[in-house]
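1. After the sequence you'll find the predicted model.
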Amino acid sequence: MAERELFAAIDLGSNSFHMIVARLDNDQLRVIDRIKDMVRLGGGLDHRGQLDPDTRERALSSLARFGQRIAGIPDYQVRAVGTQTFRRLRNPAAFLVVAETALGCPIDIVSGREEARLVYLGVGQNMPAPSGRRLVIDIGGGSTELVVGASPSEPAVAESFAHGCVAVTRSAFPDGRLTMARWQRASRVIAADLHGHAELFKGFGWDEAVGSSGTIRAVASMLASLYPEQRPGVERDALPELRERILAAGHVDNIKVDGLSERRQPVIAGGLLVLEAVMTTLDIKHLQVSDFALREGLLHDLLGRLEDRDPRDSTVQAMGERYQVDIKQANRIDDWTRAAFDQVAEDWELRPVHADMLHWISQLHEIGLAIAHENDHLHSGYILEHADMPGFGRQEQQFLACLARLQRQRIQAEELNHLPARLHDPARRLLALLRLGLAMGRPRSDRIMTDFGLRACNDKLSLALPPGWLQAHPLTRQDLEFEQQQLARLKLNLELEPLEPMPASP
């Protein structure tokens, strides 16, 4: 089988690591392999955001196994994401260096709302399109995602809460001892966190509620053993009996209920506690269960990126409208940087993913003007780093934010150190193209835009303009001379030279 026909999605959750490999067959993704490791990453994270050595080794061993399976699949057909525990790491960059080396591909850390969007997309892949509105609940190891929408792929409201089966089991029952008092105390905390958003979800409404994740499937399996006559799924009225059986065990290590696997046993108490609190707070009487979740959503999102159905394009367009970007100027800069990129991409080993990044920052570089003109580049960087941007991973947002902050004025080269090392060269090269585009487009007029040539050789960049053009445009000449000084701070040598005339047609 040609490896170019294969796609892989890797979900690095707080409880389990999952990978699915699929083949594209007649425009349909067909899963051909699945790997799951119960790593319990969240259980090894202390209050300072540090992983204990055993958990770290368990995670890296799992990633190495995954890495062997995806070896040979083109890197642009593989996507791996880290969720809540990765978000809580004190120094994620240090761990990502070794984790990405073991896996053999980049790992995106996604926000809670982006995780919710991917879960919603995954659930929609194996269920009929909703006749009305669908609520999806996913209880992971470190967080719980709630998302509701009227279409099978586009959610309307999404939220993430830092309550998952691993996290709640550790916090509610730190020594493993199970009591009703501890259960009720933890339940009140979760309900209080949910309460502020419950009215928003109830106000939007839903016609069906669906649960995904191992916790909800485990609860449904236990209920099927206890009440074989009930309809499939999770009935809220049946949860108190299941809760009593779990509390009767006295300790998490002693829980024995038909339908519960040994792997799920250590964290089921926290998982059931969260599920009961969510169903009670949102007044959900019955929950359908889906076998699909984040990894399937990730796989289909990846395919969409490759087939011109990239949700990031919609996000960029929406942000441009929200922040009232001058679209003519954005397109002017975009056109220049696209032409520049095409001329240097091969010599600088830039790939399509870098072209996308340059396109998006060209469109959004001025969003900070919505806050203030002074230091607008810093405002742009802040927005891009901290906004909810559906489709984007955390590193992608940090990359765009870095370019935004450094787009003008004096370059603080140390800013690049906040990015993973693998992104340093692409960042400084795209930044050079962006800054040159902004210098050329500063007059905000198509009338002065001119033909140009751009050549790159290692760290040397040559910009050719028509003879006499710079003398006729002193502001641009001054700006380009300033860029020569600033790009040197990125170890890039910019030379200005006359553009050779095109040979006359015979």
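-> Received, thanks. Residues are numbered from 1 along each chain as shown.

2. got the end-to-end distance for stretch 280-292?
-> Stretch 280-292 has an end-to-end distance of 24 Å (C-alpha to C-alpha, to the nearest Å).

3. Would you mark the buried spots in it?
-> Neighbour-count burial for stretch 280-292 flags 281, 282, 284, 286, 287, 288, 289, 290, 292 (criterion: 16 or more other C-beta atoms under 10 Å). For the C-beta atoms, the positions are set from N, CA and C on the backbone; glycine is no exception.

4. Mind checking which of those are in strands?
-> 286, 287, 288, 289 (DSSP state E).

5. give me the number of residues near the closest residue to the second one other than its chain neighbours?
-> I take that to be residue 287. Excluding its sequence neighbours, the residue lying closest to residue 287 (C-beta to C-beta, 6 or more residues apart in numbering) is residue 234, at 4.1 Å. Residue 234: 27 surrounding residues under other C-beta atoms under 10 Å.

6. dump the residue contacts of residue 234.
-> Shown here is residue 234, whose contacts under the criterion C-beta atoms under 8 Å, 6 or more residues apart in numbering are 211, 216, 219, 220, 223, 275, 279, 286, 287, 289.

7. pretty sure the last one contacts residue 210?
-> It refers to residue 289. Yes: if you go by C-beta atoms under 8 Å, residue 289 and residue 210 touch, sitting 7.3 Å apart.

8. sec struct for residue 325, please.
-> Classification of residue 325 using DSSP: H, G, I helix; E, B strand; the rest coil returns coil.

9. got the contact list for the residue lying closest to it once chain neighbours are set aside?
-> Closest residue to residue 325 apart from its sequence neighbours, by C-beta to C-beta, 6+ apart: residue 366 at 5.6 Å. By C-beta under 8 Å, 6+ apart, residue 366 lies in contact with 325, 326, 329, 330, 376, 380.

10. Can you dump the C-alpha atoms of stretch 250-265 in PDB for me?
-> Extracted in PDB, the C-alpha atoms of stretch 250-265 (Å, rounded to 0.1, in the frame of the first residue of the first chain):
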ATOM      1  CA  GLY A 250     -14.600   1.700  49.900                       C
ATOM      2  CA  HIS A 251     -11.400   2.200  47.900                       C
ATOM      3  CA  VAL A 252     -10.700   2.800  44.200                       C
ATOM      4  CA  ASP A 253      -8.600  -0.300  44.000                       C
ATOM      5  CA  ASN A 254     -11.600  -2.500  45.200                       C
ATOM      6  CA  ILE A 255     -14.200  -1.400  42.600                       C
ATOM      7  CA  LYS A 256     -15.600  -4.400  41.000                       C
ATOM      8  CA  VAL A 257     -18.600  -3.900  38.700                       C
ATOM      9  CA  ASP A 258     -19.600  -6.000  35.700                       C
ATOM     10  CA  GLY A 259     -18.800  -4.200  32.500                       C
ATOM     11  CA  LEU A 260     -15.900  -2.300  34.000                       C
ATOM     12  CA  SER A 261     -12.400  -3.100  32.600                       C
ATOM     13  CA  GLU A 262      -9.400  -3.300  34.800                       C
ATOM     14  CA  ARG A 263      -7.700  -0.400  32.900                       C
ATOM     15  CA  ARG A 264     -10.600   1.900  33.600                       C
ATOM     16  CA  GLN A 265     -11.100   0.900  37.200                       C
END
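
11. Break this structure down into its domains, please.
-> 3-107, 113-296, 310-498 (automatic domain parsing).

12. What residues sit buried inside stretch 26-38?
-> Quick answer for stretch 26-38 (16+ other C-beta under 10 Å): 29, 35, 36, 37, 38.

13. I'd like to know which of the residues you listed is nearest to residue 145.
-> Top of the list for closeness to residue 145, among those and by C-beta to C-beta, is residue 36 at 19.1 Å.

14. now the end-to-end length of stretch 136-143.
-> End-to-end span of stretch 136-143 (C-alpha to C-alpha): 14 Å.

15. And stretch 439-451, end to end?
-> In stretch 439-451, first residue to last residue: 14 Å (C-alpha to C-alpha).

16. any residues touching the helix or strand of the chain at the bottom of the mean pLDDT ranking, and which ones?
-> In the chain, the helix or strand scored least confidently by mean pLDDT, DSSP states H and E is helix 294-306, which has a mean of 88. With contacts defined as C-beta under 8 Å, 6+ apart, helix 294-306 is touched by 7-11, 13, 18-20, 22, 24, 29, 76-79, 81, 83, 115, 117-126, 138, 212, 310-312, 391.

17. What about the residues you listed, which are in strands?
-> Those of the contacts of helix 294-306 lying in strands (DSSP E): 7-11, 18-20, 22, 24, 29, 78-79, 81, 138, 212.

18. and the two most separated of the residues you listed?
-> So for the ones in strands among the contacts of helix 294-306, where distance means C-beta to C-beta, the most widely separated pair is 24 and 138, at 26.0 Å.

19. The two: who's more crowded?
-> Neighbours were counted for residue 24 and for residue 138 using other C-beta under 10 Å; residue 138 has more, 30 against 16.

20. ok, the more buried one touching residue 116?
-> Yes: applying C-beta under 8 Å, one finds residue 138 in contact with residue 116, separated by 7.4 Å.

21. Overlap of the contact sets of the two?
-> Each of residue 145 lies in contact with both residue 138 and residue 116 under the rule C-beta under 8 Å, 6+ apart.

22. mind listing the strands for the stretch 401-506 of the chain?
-> Ranges of strands in the stretch 401-506 of the chain, per DSSP state E, counting those that start in this stretch, are 453-457, 460-465, 493-498.

23. As JSON lines, these with mean neighbour count and distance to residue 418 would be great.
-> Formatted as JSON lines, the strands of the stretch 401-506 of the chain follow (neighbours: other C-beta atoms under 10 Å; distance: least, C-beta to C-beta, whole Å):
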{"stretch": "strand 453-457", "mean neighbour count": "16", "distance to residue 418": "25"}
{"stretch": "strand 460-465", "mean neighbour count": "18", "distance to residue 418": "24"}
{"stretch": "strand 493-498", "mean neighbour count": "14", "distance to residue 418": "24"}
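
24. could those strands go into CSV alongside mean pLDDT and distance to residue 203?
-> Output for the strands of the stretch 401-506 of the chain, formatted as CSV (pLDDT from 0 to 100; distance: least, C-beta to C-beta, whole Å):
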stretch, mean pLDDT, distance to residue 203
strand 453-457, 93, 53
strand 460-465, 94, 54
strand 493-498, 93, 55
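
25. Now distance to residue 229 too, for those strands, in CSV please.
-> Output for the strands of the stretch 401-506 of the chain, formatted as CSV (distance: least, C-beta to C-beta, whole Å):
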stretch, distance to residue 229
strand 453-457, 71
strand 460-465, 73
strand 493-498, 76
